[in-house]
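Novice: here is my input, please return the structure:
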Amino acid sequence: FIRYKADISRSFNYFKIGVKPEGEHNRWKNTASDTLSPNSFAFSSWEFYVASPDTATNNYFASYKLRDDFAPFTDKLKQITSAKDINLGYNIRSIPNHSLQSKVTYRELNITDSAGGELKPEENLTGRIQHRGRWLKSLFSSSTFWEIGSGLEPKKEFTYIEVPPGQGVYTWSDYNSNNVKELNEFEEANFQDEAKYIRVYRPSGEYIKTRHNEFNQTLNIYPDKVLKKDSGFVNLVRKLSNQTSYNMRRKTQNTGLWNNANPFNHSFRDTNIISKSTNIRNKLTFNRTNPVYQIHYIYLQSKNKSSMVNGMESHEARKHSLQIHWNISNNLSLINKTSQGRKIQKSEYFKNTDYTIKNYQNNITMRYNPGSSIRWELDYVFQDKNNLSGKEKTTKHNVGTSLRWSKLKSFNLQLGADFIYFKYPFSENTPIAYEMLEGLKPGKNATWNITFQKDIYKNLQLNFRYNGRISENSKAIHTGQFELRANF
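Specialist: I've put the predicted structure just below:
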């Protein structure tokens with residue numbers, strides 16, 4: 001067994017150069033057969049680099065690395081791979097209100113097969129860029145993260161495993177009444193007592209080479225940072241603010257460099273996609289700092305597509321919402337939320353789970369705060385859903401109330417009750433019905449809940465949760481949970 005590692009360098013005024021040799025030679029011999037055991041291995045590498053001084057405000061580096069790996073074959077260690085890496089990176093901190101760092105790695109990997117022949121070399125490019133900045137006295141602020149790379153991805157195959165009630169995520173409904181748990185009969189549970197199953201991914205034995213791309217971008221605009229109080233149009237603009245965020249993650253089998261690196265490629269129709277998700281959120285606010293009233297317009301969009309062994313699955317959701325928050329007095333508030341959106345689900349294999357649901361909802365809430373420790377709410381929700389892929393429609397009326405009573409470092413008590421009415425004259429035993437009825441039944445429904453948290457000692461907390469619900473022609477379902485939590 002031999003292992004070595006060193007870093008030899010020399011510094012100059014504006015840079016330093018160096019070399020890093022590293023290696024390990026590990027031989028485990030089977031005395032009975034006079035051969036090497038499978039856990040024997042060896043590698044050796046040399047890295048030549050140039051970098052900025054350690055005391056520099058801005059840092060940069062560049063390196064070239066050679067590495068050879070060896071594996072046991074009978075009584076000898078034979079070379080199996082030879083890799084060449086080129087690394088470039090920098091970190092800029094000298095620009096006021098900005099930070100920028102990046103790293104790029106190019107690797108060429110030569111693989112030798114067991115017969116001693118050379119396989120086709122593999123080329124991989126990975127990189128990362130991060131930036132944070134503020135402009136024009138913080139009128140604009142943003143953050144950017146961009147990463148590309150490659151690797152191996154297993155083809156996903158999954159099954160559902162039953163767990164104790166309340167400890168799972170999914171619920172099973174026997175839609176075809178054959179008493180067989182089929183993959184298209186599981187939905188995300190709307191209630192804790194129904195959450196009896198978890199989804200477990202298992203290896204399918206098939207791996208595919210993929211290239212991944214991740215991009216995150218936020219942009220905030222605050223005109224009040226630069227505009228002074230005035231009358232007329234200027235004062236109107238000063239009261240506006242906007243927050244935008246964009247997130248994209250993609251894994252694909254495409255070989256084109258630009259198609260893989262382009263973070264704004266929105267196409268979901270590409271047949272080479274293994275998985276892809278995009279999320280967009282924009283929030284436009286009027287009177288952000290006003291204690292009396294605020295108005296928010298929020299746009300949300302999310303798309304997800306993933307490749308399974310039994311085909312592609314995709315989910316899409318879009319929603320426009322307008323929220324008005326009015327503080328009528330110091331202890332009385334009125335909140336109104338109106339939204340319109342669309343939810344789409346498609347599956348290549350399970351066609352009975354496909355739907356396109358158009359949704360309209362209005363939620364009005366009266367909030368009363370007689371003191372800092374007590375809050376009472378009364379709300380009414382109207383909702384209309386229409387499945388554009390079929391004939392299903394539903395109308396929902398929900399009247400609810402809640403009370404929260406808390407005392408700092410002592411206890412927290414929450415009580416809630418809702419009466420819910422669904423008008424739904426269609427079949428109940430379908431995936432679409434479960435989605436539209438939110439796990440309840442047509443007609444009259446009621447739900448109620450109690451949550452109590454109590455600090456017993458400095459690091460001990462007692463938690464009690466109770467939930468109940470009842471539907472027409474059904475028995476009430478009660479679920480309770482006690483928990484004693486110790487914080488160390």
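
Novice: quick check: Asn282 is in a strand.
Specialist: Yes: membership of Asn282 in a strand is supported by DSSP: H, G, I helix; E, B strand; the rest coil.

Novice: mind listing what the residue lying closest to Ser37 once chain neighbours are set aside touches?
Specialist: Once flanking residues are discounted, Ser37 sits nearest to Trp28: 4.1 Å by Cβ to Cβ, 6 or more residues apart in numbering. C-betas here are computed from N, CA, C, even on glycine. Residues in contact with Trp28, defined by Cβ atoms under 8 Å, 6 or more residues apart in numbering, are Leu36, Ser37, Asn39, Ser40.

Novice: if I look at the third one, how far off is Lys29?
Specialist: In this view, Asn39 and Lys29 are 11 Å apart by Cβ to Cβ, to the nearest Å.

Novice: who has more neighbours out of these two?
Specialist: Higher neighbour count among Asn39 and Lys29: Lys29, with 13 against 9, using other Cβ atoms under 10 Å.

Novice: give me the element Ser302 is part of.
Specialist: According to DSSP states H and E, Ser302 maps onto strand 293-308.

Novice: which element is encountered next along the chain beyond that strand?
Specialist: Using DSSP H and E, the helix or strand that follows strand 293-308 in sequence is strand 311-327.

Novice: just the mean pLDDT for that following strand, thanks.
Specialist: For strand 311-327, mean pLDDT rounds to 91.

Novice: what residues of that strand count as buried?
Specialist: For strand 311-327, burial by neighbour count (16 or more other Cβ atoms under 10 Å) applies to Met312, Glu313, Ser314, Glu316, Ala317, Arg318, Lys319, Ser321, Gln323, His325, Asn327.

Novice: just stretch 437-452 next, same as before
Specialist: Residues of stretch 437-452 classed as buried: 437-442, 445-449, 451-452 (neighbour count, 16+ other Cβ under 10 Å).

Novice: out of those residues, who's nearest Phe186?
Specialist: Gly439 (13.2 Å; Cβ to Cβ).

Novice: so which of the contacts of Trp28 comes closest to Gln253?
Specialist: Asn39 (33.7 Å).

Novice: ok, the closest one to Val292 distance?
Specialist: Applying Cβ to Cβ, the value for Asn39 to Val292 is 71 Å.

Novice: next one: Gly371
Specialist: Distance, Gly371 to Val292, by Cβ to Cβ: 20 Å.

Novice: ok, now Leu484?
Specialist: Using Cβ to Cβ, Leu484 is found at 44 Å from Val292.

Novice: what does Asn352 give?
Specialist: Here Asn352 is placed at a distance of 51 Å from Val292 (Cβ to Cβ).

Novice: the two: who's more crowded?
Specialist: For Asn352 versus Val292, the count of surrounding residues by other Cβ under 10 Å is larger for Asn352: 13 against 10.

Novice: what sits against that one?
Specialist: By Cβ under 8 Å, 6+ apart, the contact set of Asn352 is Tyr175, Asn184, Thr430, Pro431.

Novice: ok so, going back, separate out the buried members of the contacts of Trp28.
Specialist: Leu36, Ser40.

Novice: so where do the strands sit in the stretch 301-450 of the chain?
Specialist: Using DSSP state E, counting those that start in this stretch, the strands found in the stretch 301-450 of the chain span residues 311-327, 332-347, 355-371, 374-387, 393-407, 411-423, 443-457.

Novice: Val169: which of the ones you listed is closest?
Specialist: strand 311-327 (15.5 Å).

Novice: what's next to the closest one, contact-wise?
Specialist: 268, 291-306, 333-349, 359.

Novice: type out the PyMOL command that picks the buried ones from the residues you listed.
Specialist: In PyMOL, this line selects whichever of those come out buried by 16+ other Cβ under 10 Å:
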select buried, resi 268+294+295+296+298+300+301+302+303+304+305+333+335+337+339+341+342+343+344+345+346+347+359
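
Novice: was I right to think Met248 contacts Phe215?
Specialist: Yes: if you go by Cβ atoms under 8 Å, Met248 and Phe215 touch, sitting 4.7 Å apart.

Novice: point out where the stretch 251-400 of the chain drops to low pLDDT.
Specialist: 255-259, 265-271, 308-311 (pLDDT under 70).

Novice: longest strand of the chain?
Specialist: strand 197-221 (DSSP state E).

Novice: let me see the mean pLDDT of that strand.
Specialist: Strand 197-221 shows a mean pLDDT of 82.

Novice: cool, stretch 28-42 as well?
Specialist: For stretch 28-42, the per-residue pLDDT averages 79.

Novice: do the same with stretch 140-151
Specialist: Rounded mean pLDDT across stretch 140-151 is 90.

Novice: please apply the same query to stretch 5-14.
Specialist: For stretch 5-14, mean pLDDT is 90.

Novice: next, format the strands of the stretch 301-450 of the chain as TSV and append distance to Arg199.
Specialist: Listed next are these as TSV, based on distance: least, Cβ to Cβ, whole Å:
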stretch	distance to Arg199
strand 311-327	12
strand 332-347	15
strand 355-371	20
strand 374-387	25
strand 393-407	27
strand 411-423	28
strand 443-457	26
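
Novice: so for Thr126, which of those strands sits nearest?
Specialist: Ranking the strands of the stretch 301-450 of the chain by distance to Thr126, with Cβ to Cβ as the measure, places strand 311-327 first at 26.6 Å.

Novice: which stretches of the stretch 1-150 of the chain form strands?
Specialist: Secondary structure of the stretch 1-150 of the chain, counting by DSSP E, counting those that start in this stretch: strands at 2-5, 8-11, 16-26, 29-30, 35-36, 41-51, 59-73, 76-92, 98-111, 122-135, 140-162.

Novice: which one of those lies nearest to Ala261?
Specialist: strand 140-162 (5.2 Å).

Novice: tell me the helix or strand right after that closest one.
Specialist: Going down the chain from strand 140-162, the next helix or strand is strand 170-172, by DSSP H and E.

Novice: contact partners of that following strand?
Specialist: Residues from elsewhere that reach strand 170-172 (Cβ under 8 Å, 6+ apart): 160, 181, 185-190, 194-199, 439.

Novice: now the nearest residue to Pro425 once chain neighbours are set aside: how far from Asn363?
Specialist: Leaving aside its chain neighbours, Pro425 sits nearest to Pro442 (7.3 Å; criterion: Cβ to Cβ, 6+ apart). Separation of Pro442 from Asn363 (Cβ to Cβ) stands at 21 Å.
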